[in-house]
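Colleague: Quick one, fold the following:
(chains A, B, C and D)
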2 protein chains.
Amino acid sequence: MDDLDRKIIDLLSADARRSLADIGGTVGLSPSSVNERIRRLTAAGAIRRFTVELDPAAMGLDTLVFVWIALREDADEAAFRRYAEAEPAILECHHVTGGWSYLMKIRVGETASIEGVLANLKGRKFLGRSETVIALSSPVAGAYVQKGEAEGG
Amino acid sequence: MDDLDRKIIDLLSADARRSLADIGGTVGLSPSSVNERIRRLTAAGAIRRFTVELDPAAMGLDTLVFVWIALREDADEAAFRRYAEAEPAILECHHVTGGWSYLMKIRVGETASIEGVLANLKGRKFLGRSETVIALSSPVAGAYVQKGEAEGG
DNA sequence: GTGGATATGGATGACCTTGACCGCAAAATC
DNA sequence: GATTTTGCGGTCAAGGTCATCCATATCCAC
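Modeller: Numbers count the residues shown, from 1 in each chain, chains lettered A, B, ... in the order given. The predicted model follows:
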């Protein structure tokens, strides 16, 4: 993982459809070399996958909420994790320090849908208490690992 | 945005490097039609960009923290947003309901680096009080909009 | 029936992939 | 210490795949 790899990753983050020749021209390598480096980065797991970044609003998911969860004392924690993994609305679920057990990031079409998720958690006997925080706006959103310096062009 | 569009988006989310012919074979369209739909989805903004999903650990960013922020009464809120946008460690920053003003998602190499970010916020006279929560593990992570049903194959 | 939007099919050119060859640096051998 | 060896990473060229574009056809709504 040297500077060239980082540059290539930055370029791919900005636009994963850039041609190898284009990337090579920018970083100073031949297309084959760029291809080989991308292959290595993917094999090593640094690049997990090629994907698309979507606009939540266009998908009809306007509401972003964070929910703090305290599990019940007798909750099956493994089952809770499996449920969180399977529930499409739950984008992230983190085991956190502090007074709560988990912090979940949830995206739904309307605030009412949050109730459904919470009801599910309650019905499955996971939920002790919870606290819901609604995101009114998001000045910064979308960076998954880190915002790079490279911009498409 | 019909079912075909959603299927195509699911497939692209799982693997954005699938060929148009491959996608077309799966959803029942010709490569040209798939291409046209992707073009339209991108033009409409539903697909923001083609990108790569990275492994934070491989990038040397092992620590994920959430920081609650209450701005100072006299803080320049627009300036705060600009700063949050520019700071690479700040992946997300949401204006939220409840007792705090903002919730920030931050990724750093080591816990000590969080102090640097907070010191910056304090130095720029943004910060009133803050509370930092560290993510110990993340049973669910990486979904940006919603976990689709489609899997690569 | 007409107009608009969407799908199809083929031609074309760009692109990725692969293999063989080269250069360099580090390690091993003499 | 000089030389050989070995392995990694790069370049180049060729072949096949793929995306793209355009003309045509089809479907749906009015």
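Colleague: what's in contact with the longest strand that chain A contains?
Modeller: Ranked by residue count, the top strand of chain A under DSSP state E comes out as strand A:127-140. Strand A:127-140 is contacted from outside by A:63-73, A:75, A:100, A:111, A:114, A:118, A:121, B:81, B:84-85, B:90-98, B:103-104, using C-beta atoms under 8 Å, 6 or more residues apart in numbering or on different chains. Where C-beta positions appear, they are placed from N, C-alpha and C, glycine not excepted.
Colleague: 7 Å instead?
Modeller: Residues outside strand A:127-140 that contact it (C-beta atoms under 7 Å, 6 or more residues apart in numbering or on different chains): A:64-72, A:111, A:114, A:118, A:121, B:81, B:84-85, B:90, B:92-98, B:103.
Colleague: And stretch A:67-82, by the same measure?
Modeller: For stretch A:67-82, using C-beta under 7 Å, 6+ apart, the contacting residues are A:100-104, A:106, A:125-132, B:139.
Colleague: Does anything pack onto the lengthiest helix in chain A? Which helices or strands?
Modeller: Longest helix in chain A by number of residues (criterion: DSSP state H): helix A:31-44. Other helices and strands packing on helix A:31-44, by 3 or more C-beta pairs under 7 Å, 6 or more residues apart in numbering or on different chains; DSSP states H and E, are helix A:3-14, helix A:20-27.
Colleague: Mean neighbour count and distance to B:A44 added to the ones you listed, as a markdown table?
Modeller: Converted to a markdown table, those look like this (neighbours: other C-beta atoms under 10 Å in any protein chain shown; distance: least, C-beta to C-beta, whole Å):
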| stretch | mean neighbour count | distance to B:A44 |
| --- | --- | --- |
| helix A:3-14 | 19 | 20 |
| helix A:20-27 | 16 | 25 |
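Colleague: Out of the ones you listed, which is closest to A:D55?
Modeller: Closest to A:D55 of the helices and strands packed on helix A:31-44 is helix A:3-14 (C-beta to C-beta; 16.7 Å).
Colleague: can that closest one be found next to DNA strand C?
Modeller: No. Helix A:3-14 stays clear of DNA strand C (C-beta under 7 Å from any atom of the strand), getting no nearer than 10.8 Å.
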